[in-house]
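A.B. asks: A predicted structure for the sequence below; I have some questions about it.
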Amino acid sequence: MTGSSGEVPSSPGPEQSSSGGGRSTRAAVVTLFRLTAGHRSSIAVATGLTMVGSGLGLAQPLVAKHIVDRSAQGPGPWPLLLLLTALFGAEAATGAVGRFLLERTGEGVVRGLRHGLVARLLRLEMREYDRHRSGDLISRVTADTTLLREVVAQALSDLVSGALVGTGALVLMVWLDPLLLLLIAVTIAAASGVVASLLKGIRAASEHMQNSVGAICADLERALGALPMVRVHRAEDREARRIGERVDAAYRAGVRTAKLASMMSPAVELAVQGSFLLVLVIGGLRVNGRANSLGDLVAFLLYASYLVLPLSSAFRAVGLIQRGMGAYQRIEQVLMLPTEPMEPMEPKEPAEPGEPGEPGEPGEPGDPTEFRRSTEPVEREKAAVDARPSRQAERSGRDRAPALVLRDVHFGYDPHRPVLRGVSFDVPHRRQVALVGRSGAGKSTLFALVARFYEPDAGILLFDDRPATDLGRAECRARIAVVDQKTHVVHGSLRDNLTYAVPGADDDEVRRVVELTQLEEVVARLPGGLSGMLGERGNTLSGGERQRVALARALLARPSLLLLDEPTAHLDALNEAALTRVMKDVAQECAVLVIAHRLSTVQHADRIVVLEDGRTVASGHHEELLTTSPVYRRLAAGQMLRAAATTPPAVAVRPAPPGPQ
Ligand SMILES: Nc1ncnc2c1ncn2[C@@H]1O[C@H](COP(=O)(O)OP(=O)(O)OP(=O)(O)O)[C@@H](O)[C@H]1O
């Protein structure tokens, strides 16, 4: 897949794929065998039925031989003709049931793969979503598995029945006329050589085609996800051209696959026709020379068709398997991607009181904030463990333990480019803490760490005095609710969206958060009220309404820590004032950590934490910081903290004497 700069290809290039691409057909069949684990009983029954069907089929030429030989001697042998008809009918019935079972197995295999893919795609490490394009990941669940279904359903049944019938026919042909069989074997060997030389190319072309289909999905998702931007910039043609290039690439790869596959067909047909001609000519001569009877020749010809036809479908099946392996390789890549570990990390004994490394009060020797970043991961981890409060401190301080504590947290998406370089602060229960800093200072990154989308490179996070690593991600997330800038609203009803975190919430609870976030008007306006549909990504709501829906959803979960990323960004002055009141109310129930760009939000906070260049450089009240922190003053003066309508701008820009940060 080609992507924009900075992306890593989500599918291996030719050199990477060669390890898999070089896999032999035997390896592909082994993969298919592995994929069908759990369906073995169906396959066994289907194989049994196919064997019965093959046996019935193989008996037919022998009966035909007797019919021909007997009819030369006298009147038509009716019982034998009836037997032939019965054999034919029974073969057709067993064949149909066997094929159905194999096709159902194909569907079952694909269903299993899709379940596995969906479960994996929803649980990947957050970094993997940064590295892959979502459209391409989606295409692996849809397009690639569809191709694989064809392979399992068709190729598997062709291979199983082909192998059984072919072996049976071979045995009987050796018995009838070994010389004629040798002639057929030579012809088929020549065709096999041609087919084998084409298989590798078919697999590579197929993989290329599936990659192009993945790129089409990814680019289409990109365009549809930003449709207003595309429209306003009149970029429909440009996007169509861009996606069209992917479509053309898929076409070229498809044509190449078809070309190689169609080169296989004449080789196979030549082998089929050639062997028939050889059997007819040489076999006819042998009948004339009285080496064989006419019945022998008829039976042999029938067996030849039984051998050659399944063989030709087996050749085609092998081609199909190679195409499917290209798709399976893409599926396998996703199945190998790392998922988030949900279990708590191994608990380590915290340091006992008085032991070296025990944390003391801030500013004292042993203050955990004094912990400095170490380049040694082991040392860093040890330092993080040492930064935990002692058990005694835990017991005595449980009641006043803050909802969240960050101690000297370091983090970078790229290890060579740190974003957070030492962040330490507390968020006490029933308090509102505001986080301010220039754009790119790392505020949203900090939220991502608190939500445990990423793990800090160094430092420690404590929830209610317990290290995040001891809690497990699910337990950490159960304590928090997040309203971020993207204010996610999903396709579904308003109620679905509000109760997303608490699907069983009762009507009173829902009404409470609707009132708190002043969504009554939206409920009254929507056809169907709470059951009214919100459309794709909530596009029937305004930005402010979406924000309030996201906030209501967060409040319904009754988190002990609420993370708000610019909650008033989309609101007018009236709504902003209302939401500020809501947040004050909410802060009575839980701890609130809010990323703020507006002075109005900051002024109501119990504490403001200033981030600069990935470090906490100051904390305190608004007035206090205006006098003590040059960074905060610059932020205020530079309109990063915009004065609210209710606030005299002079407060924000008032010059203050330089002081310590
Ligand atoms: N997923 C990511 N992968 C790599 N780098 C990222 C990622 N997300 C953010 N960054 C980088 O991390 C730095 C901090 O970004 P972050 O979004 O945390 O800043 P912020 O303080 O929230 O900014 P803003 O106020 O503009 O929202 C930026 O340089 C950004 O480019």
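C.D. replies: Thanks, I have the structure now.
A.B. asks: CA atoms of the helix or strand hosting Leu159 as CSV?
C.D. replies: Assigned by DSSP states H and E, Leu159 belongs to helix 156-176. C-alpha atoms of helix 156-176 as CSV (Å, rounded to 0.1, in the frame of the first residue of the first chain):
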residue,chain,number,x,y,z
LEU,A,156,-10.8,-27.3,-1.1
SER,A,157,-13.7,-29.3,-2.5
ASP,A,158,-12.0,-29.5,-5.9
LEU,A,159,-8.8,-30.6,-4.3
VAL,A,160,-10.4,-33.2,-2.1
SER,A,161,-12.7,-34.7,-4.7
GLY,A,162,-9.9,-34.4,-7.4
ALA,A,163,-7.4,-36.2,-5.3
LEU,A,164,-9.8,-39.1,-4.4
VAL,A,165,-11.2,-39.6,-7.9
GLY,A,166,-7.8,-39.2,-9.5
THR,A,167,-6.2,-41.8,-7.2
GLY,A,168,-9.0,-44.3,-7.8
ALA,A,169,-8.9,-43.7,-11.6
LEU,A,170,-5.1,-44.2,-11.6
VAL,A,171,-5.4,-47.5,-9.8
LEU,A,172,-8.0,-48.8,-12.2
MET,A,173,-6.2,-47.5,-15.2
VAL,A,174,-3.0,-49.3,-14.2
TRP,A,175,-5.1,-52.5,-14.0
LEU,A,176,-6.7,-51.9,-17.4
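A.B. asks: packing partners for it?
C.D. replies: Contacts defined by 3 or more C-beta pairs under 8 Å, 6 or more residues apart in numbering; DSSP states H and E place helix 156-176 against helix 40-73, helix 78-121, helix 178-225, helix 294-335. Quick note: C-beta positions are derived from backbone N, CA and C, even for glycine.
A.B. asks: now for the longest one, which elements pack on it?
C.D. replies: Right, helix 178-225. Packed against helix 178-225 by the contact rule (3+ C-beta pairs under 8 Å, 6+ apart) you find helix 14-21, helix 134-139, helix 156-176, helix 236-288, helix 294-335.
A.B. asks: lowest average pLDDT across these?
C.D. replies: Of all those, mean pLDDT reaches its minimum on helix 14-21 (a mean of 37).
A.B. asks: how many residues are close by Ile243?
C.D. replies: Neighbour count for Ile243, taken as other C-beta atoms under 10 Å: 18.
A.B. asks: next to the ligand, which bits of the protein? Give me the list.
C.D. replies: Contact residues (C-beta under 6 Å from any ligand atom) of the chain with the ligand: 130, 413, 419, 437, 439-445.
A.B. asks: low-scoring pLDDT stretches of the stretch 51-200 of the chain, where are they?
C.D. replies: For the stretch 51-200 of the chain, the stretches with pLDDT under 70 are 72, 74-76, 157, 161.
A.B. asks: and the residue of it nearest the ligand?
C.D. replies: Nearest residue of the stretch 51-200 of the chain to the ligand (C-beta to the nearest ligand atom) works out as Asp130 at 4.7 Å.
A.B. asks: so what's that residue closest to, chain neighbours aside?
C.D. replies: Tyr413 (7.2 Å; C-beta to C-beta, 6 or more residues apart in numbering).
A.B. asks: one more: Pro344?
C.D. replies: Taking C-beta to C-beta, 6+ apart, and ignoring the residues beside it in sequence, Pro344 has Gly472 as its nearest neighbour in space, at 4.2 Å.
A.B. asks: phi and psi next, for that neighbour.
C.D. replies: phi 90, psi 150 (degrees, to the nearest 10).
A.B. asks: and if you look at Val609?
C.D. replies: Torsion angles, degrees, to the nearest 10, at Val609: phi -110, psi 130.
A.B. asks: pretty sure it contacts Arg431?
C.D. replies: No. Using C-beta atoms under 8 Å, Val609 makes no contact with Arg431, being 11.8 Å away.
A.B. asks: so these two - more neighbours on which side?
C.D. replies: Set Val609 next to Arg431 and count neighbours by other C-beta under 10 Å: Val609 wins out with 25 against 17.
A.B. asks: got the contact list for that one?
C.D. replies: Contacts for Val609 (C-beta atoms under 8 Å, 6 or more residues apart in numbering) come out as 425, 433-436, 616, 618-619.
A.B. asks: ok, now with 10 Å
C.D. replies: 406, 423-427, 433-437, 443, 446, 593, 616-620, 625 (C-beta atoms under 10 Å, 6 or more residues apart in numbering).
A.B. asks: and for Leu562?
C.D. replies: 403, 427, 432, 480-483, 551, 554-555, 583, 586-587, 589-594.
A.B. asks: do that again at 7 Å, thanks
C.D. replies: 481, 554, 586, 590, 592 (C-beta atoms under 7 Å, 6 or more residues apart in numbering).
A.B. asks: count of residues packed around Leu83?
C.D. replies: 16.
A.B. asks: the residue nearest to Val513 when sequence neighbours are not counted: which element?
C.D. replies: Leaving out its chain neighbours, the residue that sits closest to Val513 by C-beta to C-beta, 6+ apart is Ala552, at 4.1 Å. Per DSSP H and E, Ala552 falls inside helix 543-556.
A.B. asks: heading C-terminal from that helix, find the next helix or strand.
C.D. replies: Helix 543-556 is succeeded, C-terminally, by strand 561-565 (DSSP H and E).
A.B. asks: let me see the mean pLDDT of that next one.
C.D. replies: On average, strand 561-565 scores 90.
A.B. asks: how much space between the closest residue to Ser493 other than its chain neighbours and Ala317?
C.D. replies: Nearest residue to Ser493, sequence neighbours excluded (C-beta to C-beta, 6+ apart): Ser531, at 4.9 Å. Ser531 sits at a distance of 51 Å from Ala317 (criterion: C-beta to C-beta, to the nearest Å).
A.B. asks: what residue lies at the spatial centre of the protein?
C.D. replies: Leu121 (2.4 Å; C-alpha atoms, centre = their mean).
A.B. asks: wait, what's in contact with that one?
C.D. replies: 137, 334.
A.B. asks: one more pass at 8 Å, please.
C.D. replies: Here Leu121 is in contact with 137, 141, 334 (C-beta under 8 Å, 6+ apart).
A.B. asks: any quick PyMOL command for the buried ones out of the contacts of Leu562?
C.D. replies: Filtering those down to the buried ones (16 or more other C-beta atoms under 10 Å) takes a single PyMOL command:
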select buried, resi 481+554+586+590+592
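A.B. asks: and of the contacts of Leu562, the nearest to Val510?
C.D. replies: Val510 has its nearest neighbour among the contacts of Leu562 in Ala554, at 13.5 Å by C-beta to C-beta.
A.B. asks: determine which two of the residues of the chain next to the ligand are furthest apart.
C.D. replies: Largest separation among these by C-beta to C-beta: Asp130 and Gly437, giving 22.1 Å.
A.B. asks: once you drop chain neighbours, what's closest to Val174?
C.D. replies: Leu181 (5.8 Å).
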